[in-house]
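K.L.:
Sequence and predicted structure below; questions after.
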Amino acid sequence: MQQRQLHIQFHTPAFLGDANQSGRWRTPPFKAQLRQWWRVAYAAQQQFAVDVREMREVEGRLFGHAWLENDSFVHDGKRVDTAARKSEVRIRLNKWADGQLKSWDRLEAATVHHPEAEKVRYQVGPHAYLGYGPLDGRGGTKLQDKQGKPNAAIQASEDAELAIAFPDEQAQNLEHALQLMNLYGTVGGRSRNGWGSYSLTRLDGEPMAVTAIPTQALPQCLSVDWPLALGADSQGALIWQTQAHKDWTGLMRTLAEIKIALRTQAAFKFPHAQPDGQVHDRHWLSYPITRHDVNDWKRKNLRLPNQLRFKVRPTADGKLAGLIFHMPHKPPVDFDPRPAELMRIWGLVHKHLDGYAHPSANSAHLTLTRITA
């Protein structure tokens, strides 16, 4: 077994709910992150020619399972078949403390412009827009409080020590997974919008492993029904970075403005004032959309998470920068996805984000730069 002692620090508030739906440091979200990014590392090791059944067997033996039919172990020189096994990856936090962020007062300076919300005379708080669910934007942004349950979040700058042990033969992929967690990982509620952004550093002073970032061309990614890599186009990796901000509150506001502008641009406006129950381009960005149900998808209770993800990272001078990256994959078959349509729609998204390389003078804070990692 190999061991790693890591320092983990949050850069944005994290909504890590416990059994009472209140924020608390817990190991399961980090183990889920490790497992998620291990799959990406495994795919890269296989040069993206992945046999999913084989990967799931390797994953089950490494992270534990109760479903493999052909698993076995050796005991006293004899093979013993087993239908379940414990995880060979061990994770420990040095604390399981409650989150300390109990109020959102004075964390939002002002609302942001949202053309669709203004039609119903609703002012949009940028944090509530990116964190709707854990945050309630009505009547001022606050932590949700349903049926008297205690609520809190882990606040930015909180840190802890995370210890991980794993088998020697899995060291390469797990080291790669830890690197990807540090670069792109977020945990908790609304983590795809940048909440729960964290960084990892080794306590022994060694740098995090440096491995090539796993990217695949957009058509290849959209032919697979799970996120096996970051996407790429003719210009390179589909990764954009904001300018540095002095704190997370201003940075999350910037990310909210970018996301609102992206989703409400002319290409993604709905054709009718009233919902018509049909599929339109914007539905492919994420689903469901408030007041714009697709009749067939609603009957099947379908959900489509956003493939475009946000991350907040520290900069060398102590500030924070936002990351926007695309992990494309084919939607489930029940959506009846068409590759050519998906390529066209995501091409519009990428073109929109590339347009922030030269923003107007009054929106210079929205500058985005393509980066390689």
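P.N.:
Received the coordinates, thanks.
K.L.:
In the stretch 1-150 of the chain, mark out all the strands, start to finish.
P.N.:
Here the stretch 1-150 of the chain has its strands, by DSSP state E, counting those that start in this stretch, at 2-10, 71-75, 78-82, 90-93, 135-136, 142-143.
K.L.:
Tell me which of these is the most buried.
P.N.:
Most buried of these, by mean neighbour count (mean count of other C-beta atoms under 10 Å): strand 135-136, with a mean of 21. Glycine gets a C-beta too; all of them are placed from N, C-alpha and C.
K.L.:
For it, name the packing helices and strands.
P.N.:
Counting by 3 or more C-beta pairs under 8 Å, 6 or more residues apart in numbering; DSSP states H and E, the packing neighbours recorded for strand 135-136 are helix 126-131, strand 142-143.
K.L.:
Would you reformat the strands of the stretch 1-150 of the chain as a markdown table and include mean pLDDT?
P.N.:
Output for the strands of the stretch 1-150 of the chain, formatted as a markdown table (pLDDT from 0 to 100):
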| stretch | mean pLDDT |
| --- | --- |
| strand 2-10 | 96 |
| strand 71-75 | 63 |
| strand 78-82 | 68 |
| strand 90-93 | 96 |
| strand 135-136 | 82 |
| strand 142-143 | 80 |
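K.L.:
contacting residues for residue 18?
P.N.:
24, 26 (C-beta atoms under 8 Å, 6 or more residues apart in numbering).
K.L.:
separation between it and residue 154?
P.N.:
According to C-beta to C-beta, to the nearest Å, residue 18 and residue 154 sit 11 Å apart.
K.L.:
Touching both of these two, which residues are there?
P.N.:
Between them, residue 18 and residue 154 share the contacting residues residue 24, judged by C-beta under 8 Å, 6+ apart.
K.L.:
Just give me the residue right at the centre of this protein.
P.N.:
residue 192 (3.3 Å; C-alpha atoms, centre = their mean).
K.L.:
Let me know whether that residue touches residue 324 as I believe.
P.N.:
No - assessed by C-beta atoms under 8 Å, residue 192 is found out of contact with residue 324, at 10.8 Å.
K.L.:
Can you pull the residues that touch both of the two?
P.N.:
308, 309, 310.
K.L.:
With respect to residue 87, which of those residues is nearest?
P.N.:
Of all the shared contacts of residue 192 and residue 324, residue 309 has the smallest distance to residue 87: 25.8 Å, by C-beta to C-beta.
K.L.:
Run through the bridge partners of that closest one.
P.N.:
On the basis of DSSP bridges, residue 309 is bridged to residue 325.
K.L.:
Tell me how many other residues surround the closest residue to residue 135 other than its chain neighbours.
P.N.:
Computed as C-beta to C-beta, 6 or more residues apart in numbering, the closest residue to residue 135 that is not its neighbour in sequence is residue 128, at 4.7 Å. Residues lying near residue 128 (other C-beta atoms under 10 Å) number 23.
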